[in-house]
Structure formats: structure tokens, C-alpha cells
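*Asks:* Let's see this in three dimensions:
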Amino acid sequence: MAWLLVVVAGILETGFAVCLKLSHGFTRLWPTIAFAAFALGSFGLLTLALKKLDVGPAYAVWTGIGAAGTAIYGMVFLDDVVSALKIVSISFVVIGVIGLQLSGSAH
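*Replies:* Numbers count the residues shown, from 1 in each chain. Presented below is the predicted three-dimensional model:
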């Protein structure tokens with residue numbers, strides 16, 4: 001259950017990163033509100049998960065999901081540059097996240 005919280009928190013991290021861009025420096029109301037909601041949800045779920053998980057693997061998985069998710073979202077929906085190197089690099093992040101998740105131990 002704790003790892004599920006980390007995964008959902010990582011997905012919410014993608015949401016807050018995207019909304020941060022869409023807020024244009026907190027000058028647009030709804031993306032700014034969405035940023036705050038995603039950020040609070042993400043940090044809240046990570047906090048709950050850390051009651052049961054080691055901080056290193058949990059944090060790495062959380063940030064890995066957020067980084068890969070944000071990069072993929074940017075390429076698909078925000079016209080970010082797509083390149084073979086970027087896709088391979090995201091794949092390595094995902095592989096690393098899976099490895100760290102498998103190495104994490106619950107208390």
C-alpha cells in the first residue's frame with residue numbers, strides 16, 4: 001500500500017510540474033490553484049508513505065515518476081522537443097525507478 005501511495009504521489013508531482021508551467025509564474029489563477037492542489041496531494045501522500053518506507057528509495061521513485069511523467073507529458077501535449085536520446089534517457093529513469101522500488105524495504 002505504501003508503494004501505491006508513492007506512485008500516486010509521483011503522478012501528482014507530474015501534475016504540479018505541468019501546472020507550474022501553465023501558471024506562467026503564478027499569473028494564471030486556475031493553473032496556480034491546480035498546482036497547489038497537486039503539490040499538497042503529492043507531498044501529503046509521500047509523507048504518509050514515508051511512515052512505512054525507507055526515505056532513499058521512496059524519494060527516488062517519487063522524483064523519477066515525476067521527472068519521467070513530466071518529460072513525457074511535455075513531449076506529447078506541450079510541443080517539447082522529442083529526440084531518440086530523450087526517449088532512451090526517460091527509459092533509463094523508468095528502469096531505475098523500477099529497480100529502486102524493488103530494492104525498497106517496508107518496515
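
*Asks:* Buried residues in stretch 57-73, which are they?
*Replies:* Of all the residues in stretch 57-73, those buried under the rule 16 or more other Cβ atoms under 10 Å are 57-62, 64-73. For glycine as for every other residue, the C-beta is placed from the backbone atoms N, C-alpha and C.

*Asks:* now swap in stretch 82-96 and tell me
*Replies:* Buried, per 16+ other Cβ under 10 Å, within stretch 82-96: 90, 93-94.

*Asks:* Stretch 23-40 too?
*Replies:* Neighbour-count burial for stretch 23-40 [16+ other Cβ under 10 Å]: 23, 31-32, 34-35, 38-39.

*Asks:* Check the offset of that stretch from the chain's centre.
*Replies:* On the basis of Cα atoms, centre = their mean, to the nearest Å, stretch 23-40 sits 16 Å off its chain's mean C-alpha point.

*Asks:* contacting residues around it?
*Replies:* 12-13, 15-16, 19-20, 22 (Cβ atoms under 8 Å, 6 or more residues apart in numbering).

*Asks:* the helices in this protein, which residues?
*Replies:* Here the chain has its helices, by DSSP state H, at 2-22, 29-49, 55-77, 84-103.

*Asks:* Keeping just the C-alphas, turn the second one into CSV.
*Replies:* Just to be clear, that refers to helix 29-49. Provided in CSV are the C-alpha atoms of helix 29-49 (Å, rounded to 0.1, in the frame of the first residue of the first chain):
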residue,chain,number,x,y,z
LEU,A,29,-5.5,31.6,-11.4
TRP,A,30,-6.7,28.1,-12.3
PRO,A,31,-3.3,26.6,-13.1
THR,A,32,-2.0,28.1,-9.9
ILE,A,33,-4.8,26.6,-7.9
ALA,A,34,-4.3,23.2,-9.6
PHE,A,35,-0.5,23.5,-8.9
ALA,A,36,-1.2,24.0,-5.2
ALA,A,37,-3.7,21.1,-5.1
PHE,A,38,-1.4,18.7,-6.9
ALA,A,39,1.6,19.8,-4.8
LEU,A,40,-0.3,19.3,-1.5
GLY,A,41,-1.6,16.0,-2.6
SER,A,42,1.8,14.8,-3.8
PHE,A,43,3.6,15.8,-0.6
GLY,A,44,0.8,14.6,1.6
LEU,A,45,0.8,11.1,0.0
LEU,A,46,4.6,10.9,0.1
THR,A,47,4.6,11.9,3.8
LEU,A,48,2.2,9.0,4.5
ALA,A,49,4.2,6.5,2.5
